[in-house]
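>>> sequence first, then the predicted structure:
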Amino acid sequence: QVHLVESGGGLVQAGDSLRLSCAASGRTLSTNVMAWFRQAPGKEREFVAINQWNGYSPLYTNSVKGRFTISRDMAGNTLYLQMNSLKPEDTAVYYCAAGNNYGTLVRQYEYWGQGTQVTVSS
């Protein structure tokens, strides 16, 4: 079993930055794929970024390219999402996910955190 806990969300103004963290515990995660998703009110959960894994490069959804950076600590127990130049459309609950398959689909991930709210005011 894997337990994921996100933190770092908050209320910021457009153009500000936030750094989200996802602390992972449980069985060894070094071989797991880890990613960030988000869900805005009334919308489906969507892919944001996936960390490099097993030769694959990090991948970002187009709307955050150049603004967000995903990273993972050396021990593999904490996943980060550095979010710069935030926009009102980035407002959502952000979720950390872990799984065994590299991909951008919600169904590919077995473990999920509880989410952290990010609100960007204009």
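Great, that's in hand.
>>> residue 89 in helix, strand or coil?
What DSSP: H, G, I helix; E, B strand; the rest coil gives for residue 89 is helix.
>>> now it. Nearest residue, chain neighbours left out?
The spatial neighbour of residue 89 that comes closest, neighbours along the chain excluded (Cβ to Cβ, 6 or more residues apart in numbering), is residue 63 at 7.3 Å. Using the backbone N, CA and C atoms, a C-beta is placed for each residue, glycine as well.
>>> so the one you found sits in a helix?
Yes. Counting by three-state DSSP, residue 63 is found in a helix.
>>> may I have the beta-bridge partners of the residue nearest to the spatial centre of the chain?
Among the residues of the chain, the one closest to the centroid is residue 36, at 2.1 Å (Cα atoms, centre = their mean). Note on residue 36: beta-bridge partners by DSSP bridges are residue 49, residue 96.
>>> now do the contacts for it.
20, 22, 48-50, 70, 79, 81, 94-97 (Cβ atoms under 8 Å, 6 or more residues apart in numbering).
>>> for residue 4, which non-adjacent residue is spatially closest?
Closest to residue 4 by Cβ to Cβ, 6+ apart is residue 113, at 3.7 Å.
>>> strands along the chain, start to end?
2-7, 10-13, 18-26, 33-39, 46-50, 59-60, 68-72, 78-83, 92-99, 111-112, 116-121 (DSSP state E).
>>> residue 105: which of these is closest?
Residue 105 lies closest, by Cβ to Cβ, to one member of these: strand 46-50, at 7.4 Å.
>>> name the helices or strands packed onto that closest one?
Packed against strand 46-50 by the contact rule (3 or more Cβ pairs under 8 Å, 6 or more residues apart in numbering; DSSP states H and E) you find strand 33-39, strand 59-60, strand 68-72.
>>> average pLDDT for it?
Strand 46-50 carries an average pLDDT of 98.
>>> many thanks, we can stop here.
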